[in-house]
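Enquirer: Got a sequence here, can you model it:
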Amino acid sequence: YRRAITINPYHVEAHHNLGGVYWEKGMLSKAISEYKKSIALYPNCADAHYSLGIAYGDNGMLPKAIAAYKKAIAIDFEHADAHYNLALAYYFNGQYGLAIKHCDKAVELGAKVRSKFLKLLKPYRK
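Expert: A predicted model of the protein is given here:
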């Protein structure tokens with residue numbers, strides 16, 4: 001991917017995929033940087049915002065993760081995994097009502113939601 005970027009620095013997918021490689025290796029700051037470059041080149045890519053949210057979340061940056069997931073959903077309201085990860089981020093941020101809302105939407109859209117997470121939300125349902 002680095003070679004592709006050297007040849008064409010505007011290669012959106014190469015930046016996004018390189019971010020994924022960095023994320024898999026636990027190199028979160030580099031992953032975030034590549035996802036941001038991908039977004040700068042193609043701001044309306046829901047998957048890039050979603051991936052950025054994952055990297056932020058794994059880096060303990062919940063408010064930024066939440067913002068990235070919300071942007072992914074604003075672009076593609078039916079992005080089931082973005083709803084699910086947003087639900088997780090809201091839960092760990094203590095925003096249980098919003099966690100339930102997005103978890104339910106993720107389930108409605110067909111996301112694979114862990115039963116353990118559903119059990120964690122149960123006491124907060126009214």
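Enquirer: and the end-to-end length of stretch 117-126?
Expert: Start to finish, the residues bounding stretch 117-126 are 17 Å apart (C-alpha to C-alpha, to the nearest Å).
Enquirer: now that stretch, how far from the centre of its chain.
Expert: Centroid displacement of stretch 117-126 relative to its chain, using C-alpha atoms, centre = their mean, to the nearest Å, is 22 Å.
Enquirer: Enumerate the positions of that stretch that are buried.
Expert: 117, 121 (16 or more other C-beta atoms under 10 Å). In short, each C-beta sits where N, CA and C put it, glycine included.
Enquirer: got the contact list for that stretch?
Expert: Contacts with stretch 117-126, where a contact means C-beta atoms under 8 Å, 6 or more residues apart in numbering, come from 87-88, 91, 96-97, 99-100, 103.
Enquirer: Got phi/psi on L86?
Expert: Dihedral pair for L86: phi -60, psi -40, per degrees, to the nearest 10.
Enquirer: Which of the contacts of stretch 117-126 ranks first by neighbour count?
Expert: Ranked by the number of neighbours (other C-beta atoms under 10 Å), those place A87 first, at 27 neighbours.
Enquirer: can I assume that residue is in contact with H102?
Expert: Yes: contact status for A87 versus H102: in contact at 3.9 Å, counting by C-beta atoms under 8 Å.
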